[in-house]
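> Quick check, what structure comes out for this input:
(chains A, B and C)
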Amino acid sequence: MKSLGATFERFGGVNMLPVLIAVIALVLIGSPSTWITLTVAGLAMGMMIFLMASGLSLVFGLMDVLNFGHSAFVSFGAFVAASVLAGLGAWVAADSVFLNVLALLAAIIAAALFGLLAGWFFEQVIIKPVYRDHLRQILITMGALIVAEQIILTIWGGSPISVARPHFLAGSLIIGDVSIETYRIFAFALGLAAYVALYFVLNRTRIGLLVRAGVENREMVEALGFRIDRLFIGVFMAGSALAAIGGAMWAGYQTLITPAIGSEMMIIVFIVIIIGGLGSIEGSLLGALMVGLMGNYVAFLAPKMSLASNMLLMMAILLWRPYGLRPAVQ
Amino acid sequence: MTDATLAATGRQAIGRTGRFIVYAIVGLIGVCLFLAPFLFPDVRSQEVASRICVFIVLVASYDLLIGYTGIVSFAHTMFFGIGAYGAAIALKLMGPTWTALLTGSVIALVVSLLLAALVGMLSLRVKAIFFAMVTLAAASVMAVLASQLSDFTGGEDGIIYKIPKLFSPATKLLTDENGKVLKIFGVSANGKMALYYFVFFGSLLLYLVMMRIVASPLGTVLEAVRENEMRAEALGYRVVFYRTAIFCIAALIATCAGVMRAVWLKYTGPDTSLSFAIMIDILLMVVIGGMGTMLGAIIGATLMSLAQYYLKDLMEIASEATAGIPLLPDLLAPDRWLLWLGILFVLLVYFFPAGIAGTLMKKGAH
Amino acid sequence: MSAPILKLDDVYTDIAQYHVLHGVSMEIPEGGVHVLLGRNGAGKTTTLRTIMGLWQARQGAITFRGKAITGLHTSDIARHGIAYVPENMGIFGGLTVEENMRLASTDGQFDPERLKWIYTLFPALETFWTKSAWSLSGGQKQMLAIARAIIEKRDLILIDEPTKGLAPAIIHNMISAFREVAQETTILLVEQNFLFAKSLGQTVAVIDDGHIVHTGSMAALVEDQDLQTRLLSLSLDAHQ
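Residues are numbered from 1 along each chain as shown, chains lettered A, B, ... in the order given. Next up, the predicted model:
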């Protein structure tokens, strides 16, 4: 058993699990071209889920606050972006990559700004009074989620809204007999960029150092003379903005959104966080990629079992490692 | 007497009055529910009364978790749904017999027990907050499965079925000298009445079982665990075991409530049993009534159910009355009633975390 | 004796429903090592945490260099020049030794002279400078915790049971390090290990059941066998 564990670690340990999933899926699916299409879709989906999950995970790690209302940022991000894209309809449809990109940037930035603002408000009004009281935290953030969803219903109505994809992202890339949607490549690239940026901030800046230290031992960071509550507001706002960007990207991916978009993703986000381990962005990325790949492969092999398969994955990992694959605190 | 003792006596007096008010309200609700077929014979009121009965059980069993043990589960509707679907599928497949109902219930109870034990043992040993996430995930997976396995569950449309003949409105429970159905205070003693009392006494029985559990040594242990987990562990209580045990018990009771609801409605679908909206209802009821008080469940379930059925009418009127003003009609539309409940919920958790019953019954000197 | 650097006046602290400190009063003179002795659960750690603002005193006053610090935020108390080494050492295991040290320095920069001095006190830190802190041994973690407290000159260092679980050789190293550090600052040391305390302490306070039962010079306590038996049966029986 011990040598098996050592071999496992030598081959990259838990980081290789997504690859393992992909290899098993290749055997089961058989057709390489289908497999490539599904893998790209899974990676793109994983990166978007990562955007939604990373902030929640850091917020939990830093302050021991689990925000059940996090999905409201995803929903708002999706709807704000959809509205901006609809407003800039001419740019979106134009046959000019420049105007397309401008519209897309406007939508993503609007979602991010909204996330920052809403995050600040949420932290100050909803979360602050219930630090360190898990039961009331869960209840209050859940209540806030209900209110947020109702506000979305009031503003945008209950019927599905279609999201315009910028013209340059609308097509597919065809290599041999493999067809890959351009949007998926874009989503993957954006997610990857966000991960790299987060990694850089957390590992190379003083603020990042403080966040990582705070995740491990909040009190000690304060005893060294830092105000962790101020740091926390910043992390909370950044996490909310990331979730809103994730929501915006997801809206473009789905092309048809309803106010339930956030709650639907929330379940997946929770599964990702539990799989990855709370408080680390590496864990969130690992979990998100596994869930994204698994979801797409199973959706092809046994369409009805897609969500259930991720649930089973979570159960198995909980049995194996109760604190997730890569928790922040060893 | 010093000021301090005076104040304490004053508080005790308030506590006594408060407790009296709570008992009075609960007594009134109990009498109304018991006599509901006679007091409110119309169809809609009967539906409200039977929903209140079932939800009192559901909320009280949820309170065993959240109030008495301090664990937050979002899977309560899952067990409620398993009960409802168990009964529904059995009645559909095997016909409207008692055997079918019994078989369906037993299978549902076994499934619930296994699931609860699995989820409990997996996730109750790590951080409590994991448990909330795991149960939320499990409940949504179950809801998605129920809507996708439509051959079995009827999908989004749900299942319509017949129930045992005793409960049919044509059944005469008691007859007068002419062989016609006997009228008691002008209300026919027919199968509909039997059905209501099936729900009423079933709920009462389950409620009394829970009262017994709370007063038992198990209840004491659970409160010790809630107050100080490490200390309870140090005293030799196997915390995970007790938590899993109460989670299983609550799951079984919720399953029974699901069976009763399915029999009453003669229809089971995602909206009546598995949906997250019902989970939100339960949360609201338990917080409004008061966590950690069995009586709170009665008050919370009754208030919320009444509001759900009758407040929406009021909002409709208000919305129409404000038709000229911008935004207000939108906010007052009956569809937006969850908005106001959500705000109320947040405020309650901030300012009255003990809920109605808890606030009124707060013990004086502490 | 000069004015005390730290003064606790009738401090009461509750943790949840438990009353832990009932009226702790003591004065810590400036300079040297001062020891707070007491058995498990007597309130030693709570006293340090209350000074640091990690628990809030319900009543009473804490003054540092004549300024009231009661009720201040922990970070502000730290900025007044008080360092804290908790019982669990408070090492950030996911960070490297260097990153741990960098966080402890106000502006993230190191004074090379001072760093050299710390390396001579604790050579292991130089060896493991770029390694993750969780890979350090228990003794090395304790060294890092103390090094963090002295990376800049502080006025007062609160140290909670630094010898707990350490090998005698390392304790020996600690004693000489503490002596050197005490040249430039004041140390308030919480201990159960009387041998260690005795070799460092100038004054001693004994806490039992949430209040101070004895204060005096360490030398007097070491000489007075009767007093020692009476107090140390209080403070050391749990440690045997």
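> Excluding chain neighbours, give the residue nearest to residue B:282 in space.
residue B:62 (5.2 Å; CB to CB, 6 or more residues apart in numbering or on different chains). Glycine gets a C-beta too; all of them are placed from N, C-alpha and C.
> Counting neighbours, what do you get for that neighbour?
If you count neighbours by other CB atoms under 10 Å in any protein chain shown, residue B:62 ends up with 27.
> Same check on the one 4 residues further on?
Residue B:66 has 24 neighbouring residues, counting by other CB under 10 Å.
> again, but for the one 3 residues further on
The number of residues packed around residue B:69, counting by other CB under 10 Å, is 26.
> Residue B:243 is in contact with that one, correct?
Yes - Residue B:69 is within contact range of residue B:243, at 6.2 Å (criterion: CB atoms under 8 Å).
> what is in contact with the two at once?
Between them, residue B:69 and residue B:243 share these contacting residues under CB atoms under 8 Å, 6 or more residues apart in numbering or on different chains: B:222, B:225.
> And the residue nearest to residue B:282, what's its pLDDT?
For residue B:62, the model assigns a pLDDT of 96.
> My read is that it contacts residue B:250, right?
Yes - contact criterion CB under 8 Å: residue B:62 and residue B:250 qualify, at 6.7 Å.
> what sits in contact with each of those two?
With CB under 8 Å, 6+ apart as the test, residue B:62 and residue B:250 both reach B:73, B:76.
> what are the ranges of the helices in the chain?
Looking at chain A here, since you left the chain open. Applying DSSP state H to chain A gives helices spanning A:2-10, A:17-29, A:32-63, A:70-87, A:89-93, A:97-122, A:134-156, A:182-204, A:206-216, A:218-223, A:228-254, A:261-276, A:281-301, A:306-320.
> my bad, the chain I had in mind was chain C
C:44-52, C:74-79, C:97-104, C:112-121, C:123-127, C:138-150, C:168-181, C:194-200, C:218-223, C:225-236.
> residues in contact with stretch C:144-152?
Contacts of stretch C:144-152 (CB under 8 Å, 6+ apart): A:224, C:83-86, C:89-91, C:97, C:100-101, C:103-106, C:110-111, C:114-115, C:118, C:121-122, C:125, C:133, C:136, C:157, C:159, C:162, C:174, C:177, C:181, C:185.
> hmm, which of the residues you listed are the buried ones?
A:224, C:83-86, C:89-91, C:97, C:100-101, C:103-105, C:110, C:115, C:118, C:121-122, C:125, C:133, C:136, C:157, C:159, C:162, C:174, C:177, C:181, C:185 (16 or more other CB atoms under 10 Å in any protein chain shown).
> got the residues of chain C near chain A?
C:52, C:54, C:73-75, C:78-79, C:83-84, C:86, C:90, C:92-95, C:99-100, C:102-104, C:106, C:108, C:134, C:148 (CB under 8 Å from any CB of the partner chain).
> With just CA atoms, put stretch B:328-341 into PDB.
Taking C-alpha atoms only, stretch B:328-341 is exported to PDB below (Å, rounded to 0.1, in the frame of the first residue of the first chain):
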ATOM      1  CA  LEU B 328     -44.300  49.200  -6.600                       C
ATOM      2  CA  PRO B 329     -46.800  47.000  -8.400                       C
ATOM      3  CA  ASP B 330     -43.900  44.800  -9.500                       C
ATOM      4  CA  LEU B 331     -42.600  44.500  -6.000                       C
ATOM      5  CA  LEU B 332     -46.000  43.800  -4.600                       C
ATOM      6  CA  ALA B 333     -47.000  41.200  -7.200                       C
ATOM      7  CA  PRO B 334     -47.900  37.900  -5.600                       C
ATOM      8  CA  ASP B 335     -45.100  36.200  -7.400                       C
ATOM      9  CA  ARG B 336     -42.700  38.500  -5.500                       C
ATOM     10  CA  TRP B 337     -43.800  37.300  -2.100                       C
ATOM     11  CA  LEU B 338     -40.600  35.400  -1.600                       C
ATOM     12  CA  LEU B 339     -38.700  38.600  -1.800                       C
ATOM     13  CA  TRP B 340     -40.500  40.000   1.200                       C
ATOM     14  CA  LEU B 341     -40.200  36.700   3.000                       C
END
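> Distance check, residue A:270 against residue A:291.
Between residue A:270 and residue A:291 the distance is 10 Å, computed by CB to CB, to the nearest Å.
> circling back: kindly reformat the helices of chain C as TSV containing mean pLDDT.
Below are the helices of chain C laid out as TSV (pLDDT from 0 to 100):
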stretch	mean pLDDT
helix C:44-52	94
helix C:74-79	94
helix C:97-104	94
helix C:112-121	94
helix C:123-127	93
helix C:138-150	93
helix C:168-181	90
helix C:194-200	87
helix C:218-223	88
helix C:225-236	71
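> got JSON lines for the ones you listed, with distance to residue B:190 too?
JSON lines is the format used below for the helices of chain C (distance: least, CB to CB, whole Å):
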{"stretch": "helix C:44-52", "distance to residue B:190": "70"}
{"stretch": "helix C:74-79", "distance to residue B:190": "71"}
{"stretch": "helix C:97-104", "distance to residue B:190": "77"}
{"stretch": "helix C:112-121", "distance to residue B:190": "90"}
{"stretch": "helix C:123-127", "distance to residue B:190": "87"}
{"stretch": "helix C:138-150", "distance to residue B:190": "78"}
{"stretch": "helix C:168-181", "distance to residue B:190": "86"}
{"stretch": "helix C:194-200", "distance to residue B:190": "86"}
{"stretch": "helix C:218-223", "distance to residue B:190": "91"}
{"stretch": "helix C:225-236", "distance to residue B:190": "80"}
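> Which one of those lies nearest to residue B:327?
Among those, the nearest to residue B:327 by CB to CB is helix C:74-79 (43.9 Å).
> who touches that closest one?
The contact list for helix C:74-79 (CB under 8 Å, 6+ apart) reads A:219, A:222-228, C:51-54, C:64, C:69, C:84.
> what's the burial count for residue A:176?
Residue A:176, neighbours per other CB under 10 Å, totals 8.
> who's in contact with it?
residue A:33.
> Need the phi and psi values for it.
The phi/psi pair for residue A:176 (degrees, to the nearest 10) reads phi 60, psi -130.
> same thing with residue A:64?
phi 60, psi 30.
> To what extent is the nearest residue to residue A:15 once chain neighbours are set aside buried, counted in neighbours?
Sequence neighbours aside, residue A:286 is the residue nearest to residue A:15 in space, at 6.6 Å (criterion: CB to CB, 6+ apart). Residue A:286: 25 surrounding residues under other CB under 10 Å.
> swap in residue C:54?
By other CB under 10 Å, the residues close to residue C:54 number 18.
> before we move on, what about residue B:239?
Residues near residue B:239, counting by other CB under 10 Å: 18.
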